[in-house]
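1. everything below, folded, please.
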Amino acid sequence: QVQLVESGGGLVQAGGSLRLSCAASGRTFSSYTMGWFRQPPGKEREFVASIKWTGGRTYYADYLESVKGRFTISRDNAKNMVYLQMNSLKPEDTAVYYCAARPSSISSRTSGYEYWGQGTQVTVSS
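-> Okay, the predicted model is just below:
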């Protein structure tokens with residue numbers, strides 16, 4: 001059974017940085033795509049970034065100008081970990097951040113992901 005456990009969220013001042021971690025377990029993820037999504041208060045869940053477990057190809061929500069160039073997704077195959085490095089944080093980055101997995105190619109669709117973590121809260125104060 002696939003399990004995804006996020007950590008690393010918290011309260012940070014605007015301009016600060018956080019690194020979110022996602023521990024993946026339960027199977028071999030070599031064919032999987034891992035993604036990070038976020039859900040701001042009162043809004044729908046939105047795509048942030050994804051990465052292919054094998055090869056490390058990445059895809060970002062470039063249409064979200066607010067994250068472009070500030071967030072970096074990466075993975076550590078040996079540890080079965082996926083990370084989201086977030087720099088120059090802004091109050092509008094406040095959200096619950098979710099790790100997700102799909103046994104297929106890169107996708108930005110929430111509905112395209114089969115497995116989800118419980119989420120970690122990120123709060124950015126102004």
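
2. contacting residues for the residue sitting nearest the centre point of the chain?
-> In the chain, the C-alpha nearest the mean C-alpha coordinate belongs to residue 36, at 2.1 Å (CA atoms, centre = their mean). Applying CB atoms under 8 Å, 6 or more residues apart in numbering to residue 36 gives the contacts 20, 22, 48-50, 71, 73, 82, 84, 97-100. For every residue, glycine as well, the C-beta is placed using N, CA and C.

3. among those residues, which pair sits farthest apart?
-> Spatially, the most separated pair among the contacts of residue 36 is 71 and 100, at 15.3 Å (CB to CB).

4. okay, and the helix or strand of the protein with the least pLDDT?
-> When each helix and strand of the chain is scored by mean pLDDT, DSSP states H and E, strand 58-60 comes last, with a mean of 91.

5. okay, and the beta partners of residue 115?
-> residue 101 (DSSP bridges).

6. what sits against it?
-> 2, 4, 100-102.

7. those: which two are farthest apart?
-> Farthest pair in those, by CB to CB: 4 and 102, 11.4 Å.

8. switch the contacts of residue 36 over to JSON lines; also include secondary structure, pLDDT and neighbour count.
-> Listed next are these as JSON lines, based on DSSP: H, G, I helix; E, B strand; the rest coil; pLDDT from 0 to 100; neighbours: other CB atoms under 10 Å:
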{"residue": "20", "secondary structure": "strand", "pLDDT": "98", "neighbour count": "24"}
{"residue": "22", "secondary structure": "strand", "pLDDT": "98", "neighbour count": "26"}
{"residue": "48", "secondary structure": "strand", "pLDDT": "95", "neighbour count": "23"}
{"residue": "49", "secondary structure": "strand", "pLDDT": "95", "neighbour count": "24"}
{"residue": "50", "secondary structure": "strand", "pLDDT": "95", "neighbour count": "26"}
{"residue": "71", "secondary structure": "strand", "pLDDT": "94", "neighbour count": "22"}
{"residue": "73", "secondary structure": "strand", "pLDDT": "95", "neighbour count": "21"}
{"residue": "82", "secondary structure": "strand", "pLDDT": "97", "neighbour count": "30"}
{"residue": "84", "secondary structure": "strand", "pLDDT": "97", "neighbour count": "26"}
{"residue": "97", "secondary structure": "strand", "pLDDT": "98", "neighbour count": "23"}
{"residue": "98", "secondary structure": "strand", "pLDDT": "98", "neighbour count": "23"}
{"residue": "99", "secondary structure": "strand", "pLDDT": "98", "neighbour count": "27"}
{"residue": "100", "secondary structure": "strand", "pLDDT": "97", "neighbour count": "23"}
